[in-house]
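**Q** Predicted model and sequence follow; I will ask about them next.
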Amino acid sequence: MKSPLLNLDQFPNKAKQYFASDMKADAMAGLTVAVMGVPQAMAYAVIAELPPVYGLYTAMITCVVAAVLGSSNHLVTGPTNAICMVILSLTAHLPEKYGLDRFEIVLLLTFLVGAIQLSLGLLRLGGIIKYVSHAVVIGFTAGAGILIAFNQIKNLTGIQFSERPEHFYQVIVQTAKEIGNTNPYALAIGLITIALVIFVPKLNKKLPGAFIAVVVSGALSYLLGWHEAALGDNKVEIVKDIEPIKASFSSVLHLPETILSPNLELTRELGVGAVALAVLGLIEAASIARAVASQSGQRLDFNREFIGQGAGNAVGAFFSSFAGSGSFTRTAVNFKSGAVTRMSAVFSALWTALTILLLADVANYIPKASLAGILIVIAYTMIDKKRLAVTWRSTRNSRYVLFGTLASTLVLPLEYAIIVGVALSLILLLRTTGTTDLTQLVFHDDQTIDEVPFNRAPASEVVTVNMEGDLYFAAAEDLDYELLSCITPKTRVVILRMKRLRTVGSTAMAILEHFWKILKERDLKLVVCGIEEDLKKVMTGSGLRNKIGEQNIFYADNRLFQSTELALARAWSMVEMERSKNQTAPADSASSDTTITAKDILTPRLLRFGNQHQLREAVWLVSEMYKHIKTKGARKLFLQDREGKLYGGLNLWTLLRELGKDLPEQDFDGLTEEAMVQKLRTQFKEPITELCQIGLPNISKETPLHELVTATTQTQQLMLPVQDEDGRITGVVTQMDLLKGIAQTKGFNPEKELPQA
Amino acid sequence: MQTAEDLMTKRFMRISTQHNLREALALLLYGDQQNAETAATVVIDTQGNFAGILTPECVVAGLSKNESTAHETAESLSSAIDENFPVTIDNVMKKGIPTVHRGTSLAELVKHMGQDKYECLPVCEEGRVEGIVYVSDIFKATATAALTADEGIVLE
């Protein structure tokens, strides 16, 4: 019963806290954003060829809704240059066709965009945003910048087009044709604005260049009377001429006919464009929010951001606002001015509203040429030369996406440019991730490893395949058959190294299981290594782990090729087991030769290991080995150097002595299990070269029995390593082997000689 | 913590101190054919008490023993074997092996193994051998204890 009350108590506390500390910072940041945003919002409306006042409404309504419902604490939503360019491209030709007011069409478009964004957010598809390459955003923004710059030459020079251009090249052609009719007053105002926007911030970074520029140029044209109709064709067009800004909000709430009684054909025609615009808006907002979050440390929920953007646009459509998105410049200024919470964006909207109320008359006298000047400067900064260069140099795929998107913005209708960019980045993403690259690893006797193209490795009993990339359904097709192609008649064991695999799905498990089955039918063994935690889970879940068998699975370690080496040791021991099984029969018949030598009695199965390892790995390998042999007798681990030559031997007693080095000499009852484990592990990192016994007797396959016996009694070696011409160990002679040899020389029949009980 | 009782093997081969090397050789080879463990055979004295351990190494050393401890020829070895066949086990077996109890802890077993290369330790109660703990079993238990808490390596 207590908790709801507590919550109610806490709420005013939180609010009080906010009023006391963060509100001032947010209000100041909001003011900075508004001072910068008011001229921007008006200018962006000009890009869309809409009355500037709607830009201001968008900077208020859409901004507040998106800020409150979105995820980012710093994102400022409102009119943006690229979106406005697309709005123009989508709607410019429609009013004539449908006989509707263009603004009404824009509102329908805005509503559609909002609805699409809202559904994507509600369907929790926010995660898809990360699959869109950043190169799309950079390429598209640069392309839009070029379009905006050329489009604004008309406003900067005060010329009029005789017919509406549909394509970029037509804009250039028309501009070139009319440039002779330049209005010198408009051009002067525009150039003054550009100069002020560029140079004012250079005097002091905190000065709002665009704000000062529009005020100064507006005042100038007003004082000189350049806005008066008396100048005729040379009159400078001002905001009031487009649509006067009124110091009231009576007309903000506007229910567009196009939404209330929709024209299906129009809606359908806007459909593709609305999807593209929605996606563009989300990409923009998400990438800006992500950029700020990377500095603020906020964890973003893209689903919520989608919902915020969608709601902003959907609601905005009923409040005379056109489609907006996150604004990079305003968001950056907001964050840099010390905004703490999302309330700063709300404050920026309030300040904008206040500006309309107080300064509507001033704003009405801002010349269009001045707004065009601001836009040309912005357009120049939209072409992010540095990022373009970096992206261009990064990867070939980024280059394709960047160039493809940039080129299509200039050639295609803008909405298609977005689709092309997104499609390009998805296709290239799928192309790189949708494959599992196979290579083969060749392990040389000198411990070096070669990675060779698949199927190019020399035939060997053990085939090691390195799998790299993604292993989900798209990539897994035919993989089992492809894997099979590496098997030669000599192959006995296949090792799959899966360390570098990503995204392994259930389809992949089915494929691997099929591969395992085929191998089993052919009496071949499968060993897998480099298994990471994720893969282990999938393998366990699919039952594949049990099928392959724990003794044939080697888990990834921090050390490169660690698990591969263990897998190799396992594979070769299986090969040798098989070999010795096949050899036992002929070995007996060869005993007609009277002198018995090492080759007649040796055990081919033995445990070898590189000498560069640490105690931990040796202990692990030996304990693994004991799981697979029947004898409880002490076996020796033979170490070989990098060239594969016998280096020395490590016996169980040495391993035990090292493990037990830190154990107490007495009072074992006081020792807990935990303490013991700790003490056992203290020597784990010891290199085994220092522990092993070197200078083992030199035995070859031809060494006769009497020399073997002499060697073992003189050197106290229980297991004699048999070396080939190159110094590699090919087998081992145990004490039991010697006894069998002795029995052979004496023609001894053990059953007849058994002792009586 | 595990104790000798957890690790010991109750089935093992036995031989008496009074048997000879010929019989020991036969026992080991026959045991090997029958898949019995030949790594260590418990030697019992005439009273039935634990006397020592016979390993294949003891038999090889006992059979090949001569004055020079080296064999230059196959014949030399062959004649030494013939001479040594009647030697009794109490002359060749490994003696002085520490005996342990059912309750002896793993840590103590490890420490014993550090003293000499014992193939196994007998678990004795009142002089009778109840079972033997092989060095390999001590090693396995130690390795498992040391490794399971270790990330990256999984033992069943």
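**A** In hand now; what should we look at?

**Q** Where do the helices of the stretch 151-300 of chain A begin and end?
**A** A:168-178, A:184-203, A:209-224, A:239-242, A:257-260, A:264-296 (DSSP state H, counting those that start in this stretch).

**Q** Now render these as CSV, adding mean pLDDT and mean neighbour count.
**A** C-beta coordinates here come from the backbone N, C-alpha and C atoms, glycine included. Shown next, in CSV, are the helices of the stretch 151-300 of chain A (pLDDT from 0 to 100; neighbours: other Cβ atoms under 10 Å in any protein chain shown):
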stretch, mean pLDDT, mean neighbour count
helix A:168-178, 88, 15
helix A:184-203, 90, 19
helix A:209-224, 87, 20
helix A:239-242, 80, 19
helix A:257-260, 84, 16
helix A:264-296, 87, 20
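
**Q** Out of the ones you listed, flag the one nearest chain B.
**A** Among the helices of the stretch 151-300 of chain A, helix A:264-296 comes nearest to chain B, with 31.2 Å by Cβ to the nearest Cβ.

**Q** so how far is the closest one off the chain centroid?
**A** The chain centre lies 21 Å from the centre of helix A:264-296; the measure is Cα atoms, centre = their mean, to the nearest Å.

**Q** So for the residue minimising distance to the centre of chain B, what's the pLDDT?
**A** The centre of chain B sits closest to B:Ala40, judged by Cα atoms, centre = their mean, with a distance of 2.9 Å. According to the prediction, B:Ala40 has pLDDT 93.

**Q** Confirm for me that it is in contact with B:Val129.
**A** No: counting by Cβ atoms under 8 Å, B:Ala40 stays clear of B:Val129, with 11.1 Å between them.

**Q** List the backbone torsions phi and psi for A:Thr141.
**A** Main-chain dihedrals, A:Thr141, degrees, to the nearest 10: phi -60, psi -40.

**Q** Make sure it is actually in contact with A:Arg387.
**A** No: at 9.1 Å, A:Thr141 does not count as touching A:Arg387 under the criterion of Cβ under 8 Å.

**Q** Which of the two has more residues huddled nearby?
**A** Taking other Cβ atoms under 10 Å in any protein chain shown, A:Thr141 and A:Arg387 do not tie; A:Thr141 has more neighbours (26 against 17).

**Q** Chain neighbours aside, what residue packs nearest to the more buried one?
**A** Distances taken as Cβ to Cβ, 6 or more residues apart in numbering or on different chains put A:Met382 closest to A:Thr141, at 5.1 Å, once the chain neighbours are dropped.

**Q** State the distance from that neighbour to A:Leu223.
**A** According to Cβ to Cβ, to the nearest Å, A:Met382 and A:Leu223 sit 33 Å apart.

**Q** repeat for B:Arg102
**A** B:Arg102 sits 110 Å away from A:Leu223, going by Cβ to Cβ.

**Q** now A:Thr540
**A** Following Cβ to Cβ, the distance that separates A:Thr540 from A:Leu223 is 81 Å.

**Q** A:Glu166 too?
**A** Counting by Cβ to Cβ, the gap from A:Glu166 to A:Leu223 is 39 Å.

**Q** Which residues does the one helix or strand A:Phe609 maps to contact?
**A** Taking DSSP states H and E as the definition, A:Phe609 sits inside strand A:607-610. By Cβ atoms under 8 Å, 6 or more residues apart in numbering or on different chains, the surrounding residues in contact with strand A:607-610 are A:447, A:565, A:569, A:573, A:617-618, A:621-622, A:625, A:635-642, A:688, A:729.

**Q** count of residues packed around the residue nearest to A:Ile553 when sequence neighbours are not counted?
**A** Once flanking residues are discounted, A:Ile553 sits nearest to A:Val528: 5.5 Å by Cβ to Cβ, 6+ apart. Using other Cβ under 10 Å, A:Val528 is surrounded by 25 other residues.
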